[in-house]
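K.L.:
Output the structure for:
(4 chains)
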2 protein chains.
Amino acid sequence: MEIETATVAAPHKGRPREFCVDMALAAALRVFWSKGYEGASMADLTEAMGITKPSLYAAFGNKEALFNKALDLYEREKADYMRAALDAPTARGVAERLMYGALDMYTCPENPNGCLGVITSVACGAEAECIRQAVLERGATAKRAMLERFARAKEEGDFPPDTDAEGLAAFLTAVNQGMSVQAGAGATRAELERLVETSLKLWPGR
Amino acid sequence: MEIETATVAAPHKGRPREFCVDMALAAALRVFWSKGYEGASMADLTEAMGITKPSLYAAFGNKEALFNKALDLYEREKADYMRAALDAPTARGVAERLMYGALDMYTCPENPNGCLGVITSVACGAEAECIRQAVLERGATAKRAMLERFARAKEEGDFPPDTDAEGLAAFLTAVNQGMSVQAGAGATRAELERLVETSLKLWPGR
DNA sequence: ACACTTATATACCAGCCGTTATGGAAATCG
DNA sequence: CGATTTCCATAACGGCTGGTATATAAGTGT
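P.N.:
The predicted structure follows:
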């Protein structure tokens, strides 16, 4: 259990490590984010993290454990706009925050393009099936939260009464996933902005 | 240049090959379709195709050439619903045919789930960059055709005059890509049907 | 100064990757 | 028939994969 959060200050005996775990993990995340789980080789990771393989294995366990910790970091730092979006007062506000948040994240110049979840869950070999399952589970959790939010929105009158809240959740998820795919395919921010604006123009209710 | 299309009938001298090129290619397509370009190993391919590696190399060149031929087959047989969709008389008809066509294709029990283009273009290692570019080019061509169709639809009054046809093309593309991602993630056909119906309910114009 | 503990660096492991050389089998041509 | 051409099967190639054993360096507490 690591207590320290910054660069140094080892509390116990033994040779202190020469790198910052958090920074190394952030570097690993960027590699996974741009190349996917299987596309990221240990050589890619160690080079980006600035450490050697034994150091990586000592600090993180193995590739799979490293990915899971990187995924935790991703959700914590990068994708918490999702949670924030659900706090919007209206369903339209939720959709706005979700889409513009995704837009910012997918097109931020210092980030890889696209969504880590989409990149990882699509097209992975048999060996990475458990990784894929873990990612899908998190996506399902996020979608469930969105669904509950839209069910509430329907009760509050944000939608016409005959609206399919589940369909709308799937719809919003799909547009975000498509935005991720197009960002990965090289779409410009301006193009994705038009996609978001078009989608919001079609969004039902006030 | 192979002339024969069926099982046998070698026109020239030498030992005739013992497998059907078209069937082998179809099998290879299914492997690429379910595992992606890099996720499909030569062992996977040869096993599914029922041939050995030297036979594969003699008949198709190498892995990249095999993929390109499989991609040709995919576009020719599976994804020509796109071309057909653009022939619909109205923009709404285009959207309907496109979405239901994608729905049928992504959920057909005898096909892998999802879109080969999405699977291949997302998250590939550096070595497959040219493959990715080839796939993206075809996607860009398809999107360009859709864009032209919607520009015409706007002139014909299918949309309100202030409509962003380019945004709508990106929108429709995004919903289809999202549908592919969700199909690959294990969504049921019923779920995707609701996604399509919801999207069409939001689609502008008559 | 010493033993002890931990991190780093080098080198290595078996296994899979895409690809190909080699040797024999099966067909047509003369 | 023999000669030729093409295909199939085995096995191997160098290179890369994720993962590790070994040896050395750099700190700790006493």
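
K.L.:
tell me which residues in the helix of greatest length in chain A are buried?
P.N.:
The longest helix of chain A (DSSP state H) is helix A:129-155. By neighbour count on 16 or more other Cβ atoms under 10 Å in any protein chain shown, the buried set for helix A:129-155 is A:131-132, A:134-136, A:138-139, A:142-143, A:146-147, A:149-150, A:153-154. Backbone N, C-alpha and C define where each C-beta goes, glycine included.

K.L.:
contacts with chain B among the residues you listed, please.
P.N.:
A:136, A:139 (Cβ under 8 Å from any Cβ of the partner chain).

K.L.:
for the buried residues of helix A:129-155, which one is nearest chain B?
P.N.:
A:Leu136 (5.4 Å; Cβ to the nearest Cβ).

K.L.:
doesn't B:Gly184 make contact with that closest one?
P.N.:
No. Look at A:Leu136 against B:Gly184 with Cβ atoms under 8 Å: they stay out of range, at 9.5 Å.

K.L.:
Just give me how far the worst-scoring helix or strand of chain A on mean pLDDT sits from the chain centre.
P.N.:
Least confident element among the helices and strands of chain A, by mean pLDDT, DSSP states H and E: helix A:81-86 (a mean of 92). Relative to its parent chain, helix A:81-86 has a centroid offset of 12 Å by Cα atoms, centre = their mean, to the nearest Å.

K.L.:
Could you do stretch A:187-206 as well?
P.N.:
For stretch A:187-206, the distance to the chain centre is 20 Å (Cα atoms, centre = their mean).

K.L.:
Phi and psi next, for whichever residue of chain A sits closest to DNA strand C.
P.N.:
Among the residues of chain A, A:Gly14 lies closest to DNA strand C, at 2.4 Å counting by Cβ to the nearest atom of the strand. The phi and psi values for A:Gly14, taken as degrees, to the nearest 10, are phi 100, psi 170.

K.L.:
Repeat that for the one 4 residues further on.
P.N.:
Summarising the backbone geometry of A:Glu18 under the convention degrees, to the nearest 10, its torsions are phi -100, psi 0.

K.L.:
And the pLDDT for the nearest residue to A:Asn68 once chain neighbours are set aside?
P.N.:
Closest residue to A:Asn68 apart from its sequence neighbours, by Cβ to Cβ, 6 or more residues apart in numbering or on different chains: A:Ala134 at 6.6 Å. Note on A:Ala134: pLDDT of 95.

K.L.:
my read: A:Ala134 touches A:Leu71, true?
P.N.:
Yes. Using Cβ under 8 Å, A:Ala134 is in contact with A:Leu71, at 7.2 Å.

K.L.:
Figure out the helix or strand that A:Leu192 lives in.
P.N.:
Per DSSP states H and E, A:Leu192 falls inside helix A:189-202.

K.L.:
now the angle from that helix to helix B:189-202?
P.N.:
90 degrees (axes from the mean of the first three to the mean of the last three Cα atoms, to 10 degrees).

K.L.:
got the buried residues for helix A:189-202?
P.N.:
A:191-199, A:201-202.

K.L.:
mind checking how far A:Phe67 is from A:Trp33?
P.N.:
Distance, A:Phe67 to A:Trp33, by Cβ to Cβ, to the nearest Å: 11 Å.

K.L.:
go on, A:Leu103?
P.N.:
17 Å.

K.L.:
quick one: contacts for A:Trp101?
P.N.:
Wrong residue type there; residue A:101 is Gly, not Trp. For A:Gly101, the contacting residues are A:81-82, A:84-85, by Cβ atoms under 8 Å, 6 or more residues apart in numbering or on different chains.

K.L.:
Write out the residues of chain A neighbouring DNA strand D.
P.N.:
Applying Cβ under 7 Å from any atom of the strand, we find that chain A lies next to DNA strand D at A:10, A:13-16, A:38, A:40-44, A:53-54, A:57, A:62-64.

K.L.:
Just the buried ones among the residues you listed, please.
P.N.:
A:38, A:40, A:44, A:63.

K.L.:
coming back round to it: make CSV out of the buried residues of helix A:189-202 and add distance to chain B.
P.N.:
Formatted as CSV, these follow (distance: Cβ to the nearest Cβ, whole Å):
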residue, distance to chain B
A:Glu191, 6
A:Leu192, 8
A:Glu193, 9
A:Arg194, 4
A:Leu195, 4
A:Val196, 9
A:Glu197, 6
A:Thr198, 3
A:Ser199, 6
A:Lys201, 8
A:Leu202, 4
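
K.L.:
Include distance to B:Pro109 and pLDDT when you put those into TSV, please.
P.N.:
Shown next, in TSV, are the buried residues of helix A:189-202 (distance: Cβ to Cβ, whole Å; pLDDT from 0 to 100):
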residue	distance to B:Pro109	pLDDT
A:Glu191	35	97
A:Leu192	34	98
A:Glu193	38	98
A:Arg194	36	98
A:Leu195	32	98
A:Val196	35	98
A:Glu197	38	98
A:Thr198	33	98
A:Ser199	31	98
A:Lys201	36	97
A:Leu202	32	97
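
K.L.:
Contact residues of chain A facing DNA strand C?
P.N.:
A:12-19, A:51-55, A:58-59.

K.L.:
can I get the CA coordinates of stretch A:199-206 in CSV?
P.N.:
Taking Å, rounded to 0.1, in the frame of the first residue of the first chain, the C-alpha atoms of stretch A:199-206 are listed here in CSV:
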residue,chain,number,x,y,z
SER,A,199,-26.8,16.0,-32.2
LEU,A,200,-27.9,18.5,-29.6
LYS,A,201,-30.2,20.2,-32.2
LEU,A,202,-32.0,16.8,-32.6
TRP,A,203,-32.1,16.2,-28.8
PRO,A,204,-35.7,16.1,-27.6
GLY,A,205,-37.3,18.4,-25.0
ARG,A,206,-36.4,21.8,-23.8
